[in-house]
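J.: What follows is a predicted protein model with its sequence.
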Amino acid sequence: MEESMKDYEKELEASFRTINEGDVISGTVIDVNEEEVTLDLKYYTQGIIKAADMSDDPGFAVLEEVHTGDVLEATVVRMDDGQGNILLSRKEANAVLAWDVLSQYMEEKTDISVKVSEAVNAGVVAYVEGIRGFIPASQLALSYVEDVESYVGQKLTVRVITVDREKEKLVLSAKEILKEQEKEKHDHKVAMLVPGTVLEGTVESLQPYGAFVDLKDGLTGLVHISQICQKRIKKPSEVLKVGDKVKVKVLSTNDGKISLSIKAAEQEQEVEENQSLDMKQFSSDESVGTSLGDLFKKLGL
């Protein structure tokens, strides 16, 4: 009973508060139709937001985006819309409030789901918090996208990388997230490599300090110059060339980097060959006689 009385007192107090044109106020959605959204403002009258004043996003669908129970912030446009309701605009409120939200998204590196609404010169447009954002062609994928038109209508996960309230400039990027996802996949593959494993790869490039070997499946490892061969060499090109097929032994996989050795793989192969040779020598070609005659011969009988 005490709680209900307190709630009543709060509602009564709220109903007597002063609301002026230009104020940004919040309310709870109590009705939605194609033309307008009705808000409970905890005031003596309700608030109305016309569908056209909900968002600048041309793809915004009021029946899909707004639901009963949602709490919205909007700017008071007129104290009386002609029917006793307060006329509100969410677009005007967004122009003030959204930039703070966008700045927070950028600081916290928040992942945001957006729908591309149109293609423009060197990129595409998507709306976040009702603000028009630009995604450059270089930030749509891991590599530069030539056909930006193909992205229209697609849903992308992006991050805010530039917020300039004064110039009303909002820049988004999908590439940053894709790079992180690729790194996670790469690091997982690297972590699955067991040190000591011998693999086959192809020499991808030669550097003064060693050779990079393609192990397939998007993995590349480095064979340091000291691990290329038994003898001392001044540069990898003395014994290797790009395209050579080589056997390498995985030495380590620290920090997502693969350290390899051709020398260790060769040494391991030599050991295996020697063991195989010893086994052949041990297994004589002469059959061991087990008959009584053979036994007597050996005993000199």
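T.: Yep, that arrived.

J.: And residue 218, how close does it get to residue 146?
T.: Taking Cβ to Cβ, to the nearest Å as the measure, residue 218 falls 23 Å from residue 146. Every C-beta, even on glycine, is put in place using the N, C-alpha and C of the backbone.

J.: Of these two, which one has the most company?
T.: Ranked by neighbour count (other Cβ atoms under 10 Å), residue 218 and residue 146 place residue 218 first, with 11 against 8.

J.: what's the more buried one sitting at in phi/psi?
T.: phi 80, psi 10 (degrees, to the nearest 10).

J.: so what's the closest residue to it other than its chain neighbours scoring on pLDDT?
T.: Nearest residue to residue 218, sequence neighbours excluded (Cβ to Cβ, 6 or more residues apart in numbering): residue 186, at 6.4 Å. On pLDDT, residue 186 comes in at 91.

J.: so residue 186, which of the three states?
T.: helix (DSSP: H, G, I helix; E, B strand; the rest coil).

J.: Could you number the chain from 592 rather than 1 from now on?
T.: In the new count, where the first residue is 592, that last one comes out as residue 777.

J.: Return the residues in contact with it.
T.: Residue 777 sits next to 809, 810, 847 when contact means Cβ atoms under 8 Å, 6 or more residues apart in numbering.

J.: With respect to residue 785, which of those residues is nearest?
T.: For the contacts of residue 777, the minimum distance to residue 785 (Cβ to Cβ) is 13.4 Å, reached by residue 810.

J.: gap between that closest one and residue 787?
T.: 16 Å.

J.: More neighbours: those two, which one.
T.: residue 810 (17 against 10).

J.: For the more buried one, list each beta-bridge partner.
T.: Beta-bridge pairing for residue 810 (DSSP bridges): residue 807.

J.: Angles on the backbone of the nearest residue in space to residue 694 that is not next to it in sequence, please.
T.: Leaving aside its sequence neighbours, residue 694 sits nearest to residue 754 (Cβ to Cβ, 6+ apart; 5.1 Å). As for residue 754, its main-chain torsions (degrees, to the nearest 10) stand at phi -130, psi 120.

J.: Please name the nearest non-neighbouring residue to residue 701.
T.: residue 750 (6.8 Å).
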